[in-house]
Structure formats: C-alpha cells, structure tokens
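Enquirer: coordinates only, sequence not included:
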C-alpha cells in the first residue's frame, strides 16, 4: 500500500461544485448578504426534513439562543440541559438569562435520561433541550408526550444529527423548535451556520424578528423589539445548496465508514461501540469507548502514526463556568473520560480506514 498522508480526525469536503457555484454567484453581481440564495437554502432544508418553516442564522450556538428567546424563556426560568454535550447548549441558556439545569445522560445513547429529567422538573422549568448526540436519540415519543403533559417546550439540539431519524422521522422535527449546525465538521458545512425549523408560524415570525434587529418586517426600519444581527449570507447559502445535493450520499457513506470500523475493531476487547441503529442513524463522528488509562496513550500513538483523533467533550459540570453546579453525573463523567472520536471525514477511503484499524490493533497488542 502507498504511503498514507496525515489523516485528520475531520476535514470539510468542498469540490469543484462549490467552487463553480461560488464563482458563478460572484460573477452574477450578487450582494452577498442574506437574500434569494438564503431563501433557496432554507426551503431545501425545510423540504428535506418535512418542516413548514426554516430560518438559517450565523451559527449553531446562535440558533439555540434564538430558539430559547423565541419561546419567551428568560430570567427566572429553567431549561433542562444534558450534562454531556458541547458546551454551547448550556451557554445558550445562560446567555438568554435563564438557568441551565444539568441532568445526567443515558449511557446507551448519550442523550438525556428521561427518568432523571422527571426528577429535575420544577415550577420554573420552561423547556427541555434534548441534544441528539451523533445521530442517536432516546425514545422521542416519550419526550414529546412528557413535555405536552407538563406543558413545557421541547427544543431539539440536533446539531450532530442532520439527516438522522427516529423511527423513520427526521430528528429536529419532534420539538417545538429544532436546531441544526453547519460548522466545519458537520455532515454538511457552510463554514459556520445554523438553522431553526418549526411548524409554528408564530414562533417562526418571532425567530425572524429576533435575528434581524427586532424588525417588524424585513427591509423596513420599523422595530418591534431589541433584536440582533444573526443573519446568514447568500455566499454561505450558495455553498450550502451544493452541500445539500450531496447530503444523501454522505449519510450513506457515514454508515459504511462506521460499519467498516466496527468490523475491523470489534474483536479488540478494550474497545466498545455504542449501539447504533444504522436504519435511522448516520454517525456524524465515528465514536468508540476505551479504558480511561488507555485513551491518552492511544491518542499519542495514533498521532505518531499520522492519524488524528479527538477525545469526547468534558462533562459540562467540570468546565470552569459551571464548576459550582453540584449533582450526580456518573454517566456523563464516565463517557467524557473514555470516549474517543476516530477519523470520520466523508471522503475517507476504505484503505485509510483499514490502515487506522491496523494501527489501533498494533497499539492494543503491545
């Protein structure tokens, strides 16, 4: 086999399709800012997942913040947030003025444990932020039913789950609002970017108001409220449109990559794969669990062999801004200490995956 170049844990995949589309747009005299191409991109997203409304914003953190504010949540309110997630989920709650209530996860899917959530609900609880991690989800029907019963909002942080489903229905479409991210590592990317979907017209109009300076109507300088400039750009949308055309192939390729990794690593007793229903789930990253005392040395060994990897997020309550929060977070802590993401780019070749697996076998055979 020919010498393999450095294999990064994740790389964006942009080719001549995006290049040509951007050049064509620039030559057309487009104004770059949010306009017709943005509407086209939004319509593609809404049509794909089956939502009535979609609004794209500057990034996925902003989309969560806007979702919270659009639902009227703020100072004095509480939002349930998983203790294992990218820190942006909790930060968005803080930035809205509300208080994040950190709850431990289900070890099997890395998502909120509903039984623990039930014990964390108070009179101040206004929403559950359900983060579907790496395309996996809990029983979505149970969460929807519980939120309706308690008359609280369900916000889906599906940043890592665009294109994945629960029982044939796209993640992001179960909640009052669904949020996606299009940052560089995601299944499709616009560099940075986020999207909000909803079937509620009132919520949709509030989203538009918040992200556009509190304007009563786009392009008119009459303002209903204090808003923000969280708008997208047509230049990003041009890239997003081309990325959407490749989405279905990428979703299938991610499943193939996961399957090949698992086939080659399943016999290593120190490695565990999370249960993954490939009928519905397209893993964003290829994740494995390894013994805590082996993870650091494995990362170093892979790097020495030209292979990038990335350890799981720290549990949120261990991060400096949240260290005062107390609670029992056994699963979050365990996952954070043992999880590792392997190279996961959509264009990863089978021979590269075999090379990675062979190096991992070398490490564990020592």
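Expert: Everything's here; your move. Quick caveat, the model's predicted, so the values are computed rather than measured.

Enquirer: okay, CA-based contacts and neighbour counts for the rest of this
Expert: Noted.

Enquirer: since we're on residue 32, how many residues are nearby?
Expert: 18 (other CA atoms under 10 Å).

Enquirer: Which SSE is immediately downstream of whichever strand in the chain runs longest?
Expert: Ranked by residue count under DSSP state E, the longest strand found in the chain is strand 125-131. Using DSSP states H and E, the next helix or strand after strand 125-131 towards the C-terminus is helix 140-150.

Enquirer: May I have the secondary structure class of the most centrally placed residue in the chain?
Expert: In the chain, the centroid-proximal residue (CA atoms, centre = their mean) is residue 159; its distance is 2.0 Å. Each residue gets one of three states, and residue 159 gets coil by DSSP: H, G, I helix; E, B strand; the rest coil.

Enquirer: where's it relative to residue 286, distance?
Expert: 16 Å (CA to CA, to the nearest Å).

Enquirer: now swap in residue 17 and tell me
Expert: 26 Å.

Enquirer: which one of these two has more residues nearby?
Expert: Neighbour count, other CA under 10 Å: between residue 17 and residue 286, residue 286 has more, with 24 against 12.

Enquirer: what residues are up against that one?
Expert: Under the criterion of CA atoms under 8 Å, 6 or more residues apart in numbering, the neighbours of residue 286 are 257-258, 341-344.

Enquirer: and what of residue 227?
Expert: With CA under 8 Å, 6+ apart, residue 227 has these contacts: 209-215.

Enquirer: Any chance of JSON lines for those, columns pLDDT and neighbour count?
Expert: Compiled in JSON lines, the contacts of residue 227 are given as follows (pLDDT from 0 to 100; neighbours: other CA atoms under 10 Å):
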{"residue": "209", "pLDDT": "98", "neighbour count": "24"}
{"residue": "210", "pLDDT": "98", "neighbour count": "23"}
{"residue": "211", "pLDDT": "98", "neighbour count": "24"}
{"residue": "212", "pLDDT": "96", "neighbour count": "20"}
{"residue": "213", "pLDDT": "96", "neighbour count": "20"}
{"residue": "214", "pLDDT": "94", "neighbour count": "21"}
{"residue": "215", "pLDDT": "95", "neighbour count": "21"}
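
Enquirer: Just the ones of the residues you listed in strands?
Expert: Per DSSP E, the subset of these in strands is residue 215.

Enquirer: The contacts of residue 227 into JSON lines, with extra columns for distance to residue 47?
Expert: As requested, the contacts of residue 227 are exported to JSON lines (distance: CA to CA, whole Å):
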{"residue": "209", "distance to residue 47": "22"}
{"residue": "210", "distance to residue 47": "23"}
{"residue": "211", "distance to residue 47": "22"}
{"residue": "212", "distance to residue 47": "23"}
{"residue": "213", "distance to residue 47": "27"}
{"residue": "214", "distance to residue 47": "27"}
{"residue": "215", "distance to residue 47": "26"}
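
Enquirer: rewinding a little: just checking: what are the partner strands of the longest strand of the chain?
Expert: Strand pairing for strand 125-131, determined by DSSP bridges: strand 78-82 (parallel), strand 153-157 (parallel).

Enquirer: so how far is the longest helix seen in the chain from its chain's centroid?
Expert: Criterion DSSP state H: the longest helix present in the chain is helix 247-265. A distance of 18 Å separates the centroid of the chain from that of helix 247-265, by CA atoms, centre = their mean, to the nearest Å.

Enquirer: State the mean pLDDT of the helix or strand that it is followed by.
Expert: Remark: after helix 247-265, the chain's next helix or strand is strand 286-289, criterion DSSP H and E. For strand 286-289, mean pLDDT is 98.

Enquirer: what comes up buried for the following helix or strand past strand 286-289?
Expert: With elements assigned by DSSP H and E, the helix or strand that comes after strand 286-289 is helix 292-304. Across helix 292-304, burial judged by 16 or more other CA atoms under 10 Å covers 295, 298-299, 301-302.

Enquirer: what about residue 180, which SS state?
Expert: Applying three-state DSSP: residue 180 is strand.

Enquirer: For it, give me its contacts.
Expert: Per CA under 8 Å, 6+ apart, neighbours of residue 180: 60, 63, 157-162, 172, 194-196.

Enquirer: Pretty sure residue 332 sits against residue 312.
Expert: No. Counting by CA atoms under 8 Å, residue 332 does not reach residue 312; the two are 10.4 Å apart.

Enquirer: Quick check on these two: which one has the bigger neighbour count.
Expert: Neighbours per residue (other CA under 10 Å) separate residue 332 from residue 312, with residue 332 holding more: 25 against 19.

Enquirer: before we move on, which element is the more buried one in?
Expert: helix 330-338.

Enquirer: circling back: neighbouring contacts of the longest helix of the chain?
Expert: By CA under 8 Å, 6+ apart, helix 247-265 touches 163, 187-188, 271, 273, 278, 281-284, 286, 344, 346, 348, 350, 353-354, 357, 361.
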